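S.K.: Next come a sequence and a model predicted from it.
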Amino acid sequence: GDSVTQMEGPVTLSEEAFLTINCTYTATGYPSLFWYVQYPGEGLQLLLKATKADDKGSNKGFEATYRKETTSFHLEKGSVQVSDSAVYFCALGLLGNNRLAFGKGNQVVVIP
Amino acid sequence: EAQVTQNPRYLITVTGKKLTVTCSQNMNHEYMSWYRQDPGLGLRQIYYSMNVEVTDKGDVPEGYKVSRKEKRNFPLILESPSPNQTSLYFCASSSWGDPRNIQYFGAGTRLSVL
């Protein structure tokens, strides 16, 4: 079935470091891909999305490119801030499935 | 302001005592959904609704009920809660039932069943 795999484990890094969170997917058809972010004590909110191959989603300094050849949608940010500390979820939406398929999420902790 | 409102935010209850978690959205969205979030398991869908009076099971529906009598409301009902339903619950909504559309999430309800 359609699924999303995120790299295992929390990510701890220093302020101004480069962040990458890997996301790969399996899907039949042509999914839309998303990154959602969950700040402490809050619900999820959309960070960025891409709807077709080679699209680049971007927001708040974060970027992710929809790579059909590698079935990936890795999240990157060039210089993280303490305020980027959150849980990040990769998700896949496919018409006809009536739901989003979420990865397990990655806790990101940015240390001053 | 566009929002999804869940109540209560925190709830402690005992095994077997029926409870309802309410969810309301003000965006006139057709699609609404409930998820639970557990450590190491991510978000798993419990139930979803494509429109009024149309509901269907998600990945983990056992022990839960839902209803969709009005477009804006989608309550989650636990008829006889058990400790394995201790979790963080999220309600979400989006337009048209197309999962490629953005989903808007409530702030969450943290439930503890003793």
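M.R.: Noted; the coordinates are in hand.
S.K.: I'd guessed B:Gln45 sits against B:Val60; true?
M.R.: Yes: contact criterion Cβ atoms under 8 Å: B:Gln45 and B:Val60 qualify, at 7.3 Å. From N, CA and C alone the C-beta is placed, and that goes for glycine too.
S.K.: can you give me the strands in the chain?
M.R.: No chain was given, so I picked chain A. Using DSSP state E, the strands of chain A run over A:3-6, A:11-14, A:19-21, A:23-26, A:32-38, A:44-50, A:56-59, A:62-65, A:75-77, A:86-93, A:100-102, A:106-111.
S.K.: wait, I meant chain B there
M.R.: Going by DSSP E, chain B shows strands at B:4-7, B:10-13, B:19-25, B:31-38, B:42-51, B:54-57, B:65-66, B:76-78, B:87-94, B:104-105, B:109-113.
S.K.: Dump these to JSON lines, plus mean neighbour count.
M.R.: Formatted as JSON lines, those follow (neighbours: other Cβ atoms under 10 Å in any protein chain shown):
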{"stretch": "strand B:4-7", "mean neighbour count": "18"}
{"stretch": "strand B:10-13", "mean neighbour count": "13"}
{"stretch": "strand B:19-25", "mean neighbour count": "19"}
{"stretch": "strand B:31-38", "mean neighbour count": "24"}
{"stretch": "strand B:42-51", "mean neighbour count": "21"}
{"stretch": "strand B:54-57", "mean neighbour count": "14"}
{"stretch": "strand B:65-66", "mean neighbour count": "18"}
{"stretch": "strand B:76-78", "mean neighbour count": "19"}
{"stretch": "strand B:87-94", "mean neighbour count": "24"}
{"stretch": "strand B:104-105", "mean neighbour count": "22"}
{"stretch": "strand B:109-113", "mean neighbour count": "18"}
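S.K.: Ok, which of these comes nearest A:Ala27?
M.R.: strand B:42-51 (16.4 Å; Cβ to Cβ).
S.K.: could you give the mean pLDDT of the closest one?
M.R.: What strand B:42-51 shows for mean pLDDT is 91.
S.K.: Okay, now the sheet partners of that strand, with direction.
M.R.: strand B:31-38 (antiparallel), strand B:54-57 (antiparallel) (DSSP bridges).
S.K.: mind checking how far the residue lying closest to A:Gln6 once chain neighbours are set aside is from B:Leu76?
M.R.: Beyond its immediate neighbours in the sequence, the residue positioned closest to A:Gln6 (Cβ to Cβ, 6 or more residues apart in numbering or on different chains) is A:Gly103, lying 3.7 Å away. Per Cβ to Cβ, to the nearest Å, A:Gly103 is found 23 Å from B:Leu76.
S.K.: which ones are touching B:Val21?
M.R.: Applying Cβ atoms under 8 Å, 6 or more residues apart in numbering or on different chains to B:Val21 gives the contacts B:Gln6, B:Asn7, B:Pro8, B:Leu11, B:Pro75, B:Leu76, B:Leu78, B:Tyr89, B:Cys91, B:Thr109, B:Leu111.
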